[in-house]
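In: model the structure of this input:
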Amino acid sequence: MTPALAEALRCPVCGGPLLLMGRSLRCPKAHSFDLAREGYANLLAIQKKHAADPGDGKEMVRARRAFLSAGYYEPLMKVLAEVCAELPHGHIVDAGCGEGSYDRYLYDRLDAPEIVGFDLSKEAVRLAAKRVPEAAFCVGGSFSAPVRDGWADLLLNIFSPFAGEEFRRMLRAGGHLVYAVPTARHLYGLKEILYATPYENEVKQTAYEGFTFLAEREAAATLTLEGESVQQLFAMTPYYWNTPADGAARLAGCRQLTTEIGFRYLIYRKI
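Out: Residues are numbered from 1 along each chain as shown. Model prediction:
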């Protein structure tokens with residue numbers, strides 16, 4: 001973490017600015033947060049920590065890292081990079097950054113923007129900090145975000161909770177939000193195996209207070225997976241936790257899976 005990127009962060013205790021002093025972040029009121037070996041900081045306010053180890057667990061995070069590292073979602077990342085390239089993107093905040101695969105992709109294709117990412121999962125943030133050492137990562141949540149007011153030109157929210165008030169606070173006047181949601185047929189082939197009656201995802205466009213909707217861009221592809229990648233895909237999705245036992249058993253015996261994938265990128269501007 002560089003001193004300049006550290007200045008994008010704010011203290012989770014008092015909301016004051018943070019400065020990088022050696023291997024610690026400190027605010028004017030003397031609250032201090034040590035950097036981990038990988039270079040990230042834990043800025044999750046203790047009163048916001050509702051579990052001993054919040055966020056996605058290690059198994060899910062590592063499955064997502066392995067799957068995304070294999071390049072299966074590159075068609076979706078490519079369109080995201082194109083969307084971001086058309087918007088001011090000098091300062092990017094990734095709310096719910098996961099293990100950093102999207103940030104690595106964007107950093108390499110957008111002429112090295114300044115990126116700050118945060119996630120509730122300590123394991124995800126640890127991996128993100130290793131994957132994108134040029135960025136600043138911290139443990140933190142969207143509803144009490146560890147980024148100072150008005151720092152972001154562009155805020156990304158990829159399948160994470162929508163915290164409108166905090167998103168507006170972090171964005172500069174006229175800044176943009178890119179909100180990624182699934183297409184109707186995203187992972188439909190997976191659901192055909194997991195469920196007796198598979199269903200399409202709801203497709204809707206929602207108005208959010210303080211934002212003007214500008215445009216939508218869709219990215220889609222079809223994947224054919226074999227072997228371990230089938231289970232990695234399953235383990236990185238919410239279906240892993242709410243699938244009937246018989247559906248999980250069917251997938252466990254599946255050595256090849258063909259499924260559609262698709263993201264809708266909804267683009268908003270802060271009013």
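
In: now do the helices in the chain.
Out: 3-6, 58-69, 74-85, 101-109, 122-131, 164-170, 188-194, 228-235, 245-252 (DSSP state H).

In: nearest to K270, out of these?
Out: With C-beta to C-beta as the criterion, K270 lies closest to helix 164-170 of the helices of the chain, at 5.8 Å. C-beta: built from backbone N, CA, C; applies to glycine.

In: what count of nearby residues applies to T259?
Out: Burial of T259 is recorded as 20 neighbouring residues (other C-beta atoms under 10 Å).

In: for M1, which non-adjacent residue is spatially closest?
Out: The shortest distance from M1 to any residue other than its chain neighbours is 4.7 Å, reached at A136 (C-beta to C-beta, 6 or more residues apart in numbering).

In: surely that neighbour meets V116?
Out: Yes - A136 sits in contact with V116 when judged by C-beta atoms under 8 Å, with a separation of 4.8 Å.

In: in the stretch 51-200 of the chain, which segments are predicted with low confidence?
Out: Within the stretch 51-200 of the chain, the set of residues satisfying pLDDT under 70 comprises 51-55.

In: swap in 90 and give it another go.
Out: Along the stretch 51-200 of the chain, the model assigns pLDDT under 90 to residues 51-60, 111-112.

In: so who does the residue nearest the centre of the chain touch?
Out: Central residue of the chain (C-alpha atoms, centre = their mean): C97, 2.9 Å from the mean position. Residues in contact with C97, defined by C-beta atoms under 8 Å, 6 or more residues apart in numbering, are D103, G117, F118, D119, A124, V125, A128, F137.

In: one more: D34?
Out: Contact analysis of D34 by C-beta under 8 Å, 6+ apart lists R23, S24, A41.

In: among the residues you listed, who's most crowded?
Out: The most crowded member of these is A41, carrying 27 neighbours; neighbours defined as other C-beta under 10 Å.

In: I figured that one hits M1, correct?
Out: Yes - the pair formed by A41 and M1 meets the contact definition of C-beta under 8 Å, at 7.3 Å.

In: any shared contact partners between the two?
Out: Contact with both A41 and M1 is made by residues L35, according to C-beta under 8 Å, 6+ apart.

In: shared neighbours, A136 and V116?
Out: What both A136 and V116 touch, as defined by C-beta under 8 Å, 6+ apart, is the set L5, A8, L9.

In: turn the residues you listed into a markdown table, including neighbour count, distance to R64 and pLDDT.
Out: Formatted as a markdown table, the shared contacts of A136 and V116 follow (neighbours: other C-beta atoms under 10 Å; distance: C-beta to C-beta, whole Å; pLDDT from 0 to 100):
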| residue | neighbour count | distance to R64 | pLDDT |
| --- | --- | --- | --- |
| L5 | 17 | 24 | 94 |
| A8 | 22 | 25 | 96 |
| L9 | 27 | 25 | 97 |
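
In: let me know the closest of those to R172.
Out: When the shared contacts of A136 and V116 are compared for distance to R172, the smallest value, 11.9 Å, is given by A8; criterion: C-beta to C-beta.

In: contacting residues around that closest one?
Out: Listed by C-beta under 8 Å, 6+ apart, the contact set of A8 reads H91, E114, V116, A136, V147, R148, W151.

In: ok, now with 10 Å
Out: With contacts taken as C-beta atoms under 10 Å, 6 or more residues apart in numbering, A8 has the following neighbours: 1-2, 17-18, 91, 93, 114-116, 136, 146-148, 151-152, 170.
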